[in-house]
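Participant: just need the structure, nothing else, for what follows:
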Amino acid sequence: MAVFQVSDELLGTFFPIAVYWIYSGIFVLLGSSVDSYRLHPKGEEDVKNVASKATVIRGVLVQQAFQVAVSLLLFAVIKDESGTQRLQLPLWIIALQFIAGMAVLDTWQYFIHRYMHLNKFLYKHVHSKHHTLVVPYAYGALYNHPLEGLLLDTCGGAMAFLLSGMSPRTAILFFSFATMKTVDDHCGLWLPGNPLHFLFSNNSAYHDVHHQLYGTKYNFSQPFFVAWDKIMGTYMPYALVKRKEGGFEAQPIKNK
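Facilitator: Below you'll find the predicted structure:
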């Protein structure tokens, strides 16, 4: 009896999208149980954010549709015409490809992201859409103008995939992890024991600083490390302090 199998290319295309909605859905389900770990009081989502949540969901789905189209096209171009099974690479090579992909994606996104802030036309007509979410939340992580989504995320991901030399199977893990990291950075929470906060200085508090008016010229790095901010002089450190009414606040340390 024939067994239905899904190709690595299809998994690499659609699995990160499933991860996006499942992981962000977990944050939604946590609801008021995590109010004491919020970086903003819950009510500020509705007061400060311009875009409605329905608009955000539609915007994310549009961006993901672009991602699917580009991903399928990319995999179709590089697909082995012989149809032979790829050799299993040693774990250390896969790890190096993973690290290389992270470095490429960080570099691409830092400079494109920063330019979208420096160029007044691009900021007004493109990138400002993402910053309508002054109070970030998980499923708003990919709420961008379609052009930004194409340049920053889709093209950046394609560059990371191609330049690192990773296989479609490795890409499943890489893009799923990158998706989780992006959602986590926008979740608006500082949850105790979050392993991503121990592994990366680029986290939900670090990125929350960037979403505030005082931080729009700083903390451009995403999604993994803060190296480019430190190298380019756009790093804004912060202190995480408890609010009297509950929760936390990332207060900038102004040493500029």
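Participant: what's the single longest helix in this structure?
Facilitator: helix 91-118 (DSSP state H).
Participant: just checking, what packs against that helix?
Facilitator: Here helix 91-118 touches helix 120-125, helix 155-164, helix 168-185, helix 227-232, going by 3 or more C-beta pairs under 8 Å, 6 or more residues apart in numbering; DSSP states H and E. Glycine gets a C-beta too; all of them are placed from N, C-alpha and C.
Participant: adding mean neighbour count, write those helices out as JSON lines.
Facilitator: Shown next, in JSON lines, are the helices and strands packed on helix 91-118 (neighbours: other C-beta atoms under 10 Å):
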{"stretch": "helix 120-125", "mean neighbour count": "12"}
{"stretch": "helix 155-164", "mean neighbour count": "20"}
{"stretch": "helix 168-185", "mean neighbour count": "22"}
{"stretch": "helix 227-232", "mean neighbour count": "16"}
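Participant: just the buried positions in stretch 57-64, please.
Facilitator: Neighbour counts over stretch 57-64 (16 or more other C-beta atoms under 10 Å) mark 59-60, 62-64 as buried.
Participant: how close does Leu122 sit to Leu151?
Facilitator: In this view, Leu122 and Leu151 are 10 Å apart by C-beta to C-beta, to the nearest Å.
Participant: got it, and Ser204?
Facilitator: Distance from Ser204 to Leu151, by C-beta to C-beta: 24 Å.
Participant: between those two, which one's more packed in?
Facilitator: Neighbours were counted for Ser204 and for Leu151 using other C-beta atoms under 10 Å; Ser204 has more, 24 against 20.
Participant: and the closest residue in space to Tyr137 that isn't next to it in sequence, how many residues sit next to it?
Facilitator: Distances taken as C-beta to C-beta, 6 or more residues apart in numbering put Gly188 closest to Tyr137, at 5.2 Å, once the chain neighbours are dropped. Per other C-beta under 10 Å, the neighbour tally for Gly188 reads 26.
Participant: list the residues that contact Gly188.
Facilitator: 38-40, 45, 135-138, 204, 208 (C-beta atoms under 8 Å, 6 or more residues apart in numbering).
Participant: pLDDT wise, what is it at?
Facilitator: On the pLDDT scale, Gly188 is placed at 96.
Participant: helix, strand or coil: sort out Gln251 for me.
Facilitator: strand (DSSP: H, G, I helix; E, B strand; the rest coil).
Participant: bridging residues for it?
Facilitator: For Gln251, the beta-bridge partners under DSSP bridges are Ala239.
Participant: hang on, Val62 packs against Pro146?
Facilitator: Yes: counting by C-beta atoms under 8 Å, Pro146 is a contact partner of Val62 at 5.9 Å.
Participant: ok, the residue nearest to Tyr137 to Arg114 distance?
Facilitator: On the measure of C-beta to C-beta, Gly188 and Arg114 end up 23 Å apart.
Participant: just Leu30 next, same as before
Facilitator: Taking C-beta to C-beta, one finds Leu30 at 32 Å from Arg114.
Participant: these two: which has the busier surroundings?
Facilitator: Taking neighbours as other C-beta under 10 Å, Leu30 and Arg114 compare with Arg114 leading, 18 against 15.
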